[in-house]
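Q: Return atomic coordinates for the entry below.
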Amino acid sequence: MSIAHRFSVAALAAALVALHPATGRAQEQEQAKPAAGQTPPPAPLVVSIAAEEQRRLVGDYDISLPDGQIMGVRVFVEEGQLFVAPEEQEKTPMRYFGNNTFGLDFDPTLRLTFDVANGKVTGGKLVQRGMTMHVFRRP
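A: Have a look, this model is predicted:
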C-alpha cells in the first residue's frame with residue numbers, strides 16, 4: 001500500500017467519526033509510536049458544559065468527507081452526556097474542551113468545533129491529523 005493510499009484510507013476512516021470502534025483501534029496501531037523517552041502530548045482537559053449549551057448543539061449534521069461523500073451524523077444528549085452517532089452506527093461520547101470544541105476518545109488528534117452565530121449552531125469543522133472537513137447543520 002502506498003503512503004498516499006494509506007493516508008487517504010486512514011483519513012477517510014478517521015473522518016467517519018467512529019463508525020466502528022475497531023476502525024479507530026486499527027488506525028491507532030498504524031500511527032507512529034513516540035520514540036523511547038518521548039511522551040505524547042497531554043490530552044486537553046475535559047471541562048463541563050451547561051445543559052443549555054448541550055441542547056443548542058443537538059441536531060443532525062452532514063460532514064463533507066475528503067473523497068467528496070457526505071456522511072450524516074446525529075448529535076444528541078443522553079443522561080446528561082453529549083454523544084455523536086453517524087447514521088445507523090453506534091454512538092460515541094463527545095469530550096468538551098471549551099470554546100465549542102470537542103474530542104472523541106478513539107483519536108486524540110480529532111477536534112470537532114461548532115460555529116455559533118446569533119446563538120445558533122450553523123455548522124463547524126472536523127480537524128483530524130491535519131485534514132479539515134466541513135460540517136453543515138441540517139435544517
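
Q: which residues touch the helix or strand hosting Phe136?
A: Following DSSP states H and E, one finds Phe136 within strand 131-137. Strand 131-137 has contacts (CB atoms under 8 Å, 6 or more residues apart in numbering) with 11, 15, 59-66, 112, 114, 121-127. Just so you know, the C-beta spots here come from the backbone N, C-alpha and C atoms, and that holds for glycine as well.

Q: Can you tell me which of the residues you listed are buried?
A: Among these, those classed as buried by 16 or more other CB atoms under 10 Å are 11, 15, 61-65, 112, 114, 121, 123-126.

Q: Partner strands of whatever helix or strand Phe114 lives in, with direction?
A: Following DSSP H and E, one finds Phe114 within strand 107-117. Looking at strand 107-117 with DSSP bridges, its partner strands are strand 101-104 (antiparallel), strand 120-128 (antiparallel).

Q: quick check: angle from the longest one to strand 131-137?
A: So that's strand 120-128. If you take axes from the mean of the first three to the mean of the last three CA atoms, to 10 degrees, strand 120-128 sits at 160 degrees to strand 131-137.

Q: and strand 120-128, average pLDDT?
A: What strand 120-128 shows for mean pLDDT is 95.

Q: Pull the CA coordinates from it and hand them back as CSV.
A: What follows is strand 120-128, C-alpha atoms only, in CSV (Å, rounded to 0.1, in the frame of the first residue of the first chain):
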residue,chain,number,x,y,z
LYS,A,120,-27.5,29.3,16.9
VAL,A,121,-25.2,26.5,15.7
THR,A,122,-24.7,26.8,11.9
GLY,A,123,-22.1,24.1,11.3
GLY,A,124,-18.4,23.8,12.0
LYS,A,125,-15.3,21.8,11.1
LEU,A,126,-13.8,18.5,11.9
VAL,A,127,-10.0,18.5,12.0
GLN,A,128,-8.1,15.3,12.2
